[in-house]
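[1] The following comprises the amino acid sequence and a computationally predicted model.
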Amino acid sequence: IVGGFPAEQFEFPWQVAIRGERETVSCGGVYIGGCWVLTAAHCVRRSRVHVYKIWTGMLNSVRYNTGIETFSLNQVIIHGGYNSKTYENDIALLEMRPKNGKTCHPPKIVPVCIAWSQYMFRNGQQCKVSGWGFDEEFTRQYSLKWGYIYLMNNCSEIYKNRYFKGMECAGTHDGSVDSCKGDSGGPLVCYDSNNVGYLWGIVSWGENCGEKGHPGVYTKVEHYFDWIALHTGLSLISKY
Ligand code: 4AZ
């Protein structure tokens with residue numbers, strides 16, 4: 001995260017870390033209930049299901065803290081329309097393996113609500129993005145950070161033929177707060193008038209980080225509501 005603030009443990013209780021074969025945080029992810037985590041498709045490969053680990057309750061990726069639980073995966077579901085060149089449909093579901101008959105729902109880990117309508121939030125809405133990715137000095141972060149960014153509706157002009165349906169832009173006017181390398185797969189959460197958070201985006205791509213005029217691009221979760229409901233079987237809030 002470029003700019004922003006250090007997070008406290010469980011401040012973003014749906015934020016998870018994905019660790020790959022190199023025992024570092026490779027991506028973020030979002031707990032949505034049951035044994036299910038949402039992330040970016042470009043973070044995972046179906047064939048690597050056995051190497052990934054999900055870490056919940058983690059604050060600092062090099063300093064161990066109590067409250068961490070780790071899960072192996074049963075399944076990686078990558079969206080059928082994912083295009084690794086254009087990052088269209090950059091969304092994947094990870095199914096965690098419940099540990100010795102227990103659940104996938106450790107104490108203090110809370111599933112995020114999924115946005116179900118394109119009308120819930122509009123241009124200029126303030127939202128929070130979080131992750132363990134690079135900061136403004138392009139330095140790897142070990143402790144979770146978060147920042148305020150704003151939904152933007154001008155990205156079809158900014159990114160032209162690289163901006164597709166199912167993508168959403170967010171940033172700040174001066175680029176001082178942004179997601180960056182390593183934040184991919186993590187949550188962009190917007191808050192309604194009752195201060196209930198809804199998952200609106202998944203960190204996907206952008207031209208560099210923290211650059212004025214180049215907001216971050218997010219997978220627009222609402223666009224994939226039916227796909228998520230179908231593959232997880234979770235009873236998400238009714239769409240109608
Ligand atoms: C990346 O490389 C990346 N500023 C993630 C987010 C953004 C840029 C790059 C958005 O994973």
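    Great, that's in hand.

[2] residues touching the residue lying closest to residue 13 once chain neighbours are set aside, list them.
    Here the nearest residue to residue 13 in space, its sequence neighbours aside, is residue 110; by CB to CB, 6 or more residues apart in numbering that works out to 3.9 Å. C-beta here means a position set from N, CA and C on the backbone, and glycine is covered the same way. Counting by CB atoms under 8 Å, 6 or more residues apart in numbering, residue 110 touches 13, 14, 31.

[3] ok, now residue 192?
    Neighbours of residue 192 in contact, by CB under 8 Å, 6+ apart: 120, 198.

[4] mind checking pLDDT for the residue nearest the centre of the chain?
    With distances taken as CA atoms, centre = their mean, the residue of the chain nearest its centroid is residue 186 (2.1 Å). Note for residue 186: predicted pLDDT of 98.

[5] Residue 199 is in contact with that one, correct?
    No. When contacts are counted by CB atoms under 8 Å, residue 186 is not listed as touching residue 199 (10.3 Å).

[6] list residues touching both of these two?
    Shared contacts of residue 186 and residue 199 (CB under 8 Å, 6+ apart): residue 30.

[7] So which residues make contact with the one helix or strand residue 189 maps to?
    In the assignment (DSSP states H and E), residue 189 maps to strand 187-191. Contacts with strand 187-191, where a contact means CB under 8 Å, 6+ apart, come from 12, 14-15, 28, 30, 112, 115, 120-121, 125-130, 149, 151, 170, 179, 197-203, 218.

[8] just the residues you listed that are near the ligand?
    179, 203 (CB under 6 Å from any ligand atom).

[9] Counting only strands, which of the contacts of strand 187-191 make the cut?
    15, 28, 30, 126-130, 149, 151, 170, 197-203, 218 (DSSP state E).

[10] List buried residues within these.
    With neighbours counted using 16 or more other CB atoms under 10 Å, the ones in strands among the contacts of strand 187-191 contain these buried positions: 15, 28, 30, 127-130, 149, 151, 170, 197-203, 218.

[11] where's the strand holding residue 189 relative to the chain centroid, distance-wise?
    From the chain centre to the centre of strand 187-191 is a distance of 9 Å (CA atoms, centre = their mean, to the nearest Å).

[12] now the angle from it to strand 126-131?
    Per axes from the mean of the first three to the mean of the last three CA atoms, to 10 degrees, the angle that strand 187-191 makes with strand 126-131 is 150 degrees.

[13] Okay, and the beta partners of residue 130?
    Going by DSSP bridges, residue 130 is paired in beta bridges with residue 146.

[14] Lovely, talk soon.
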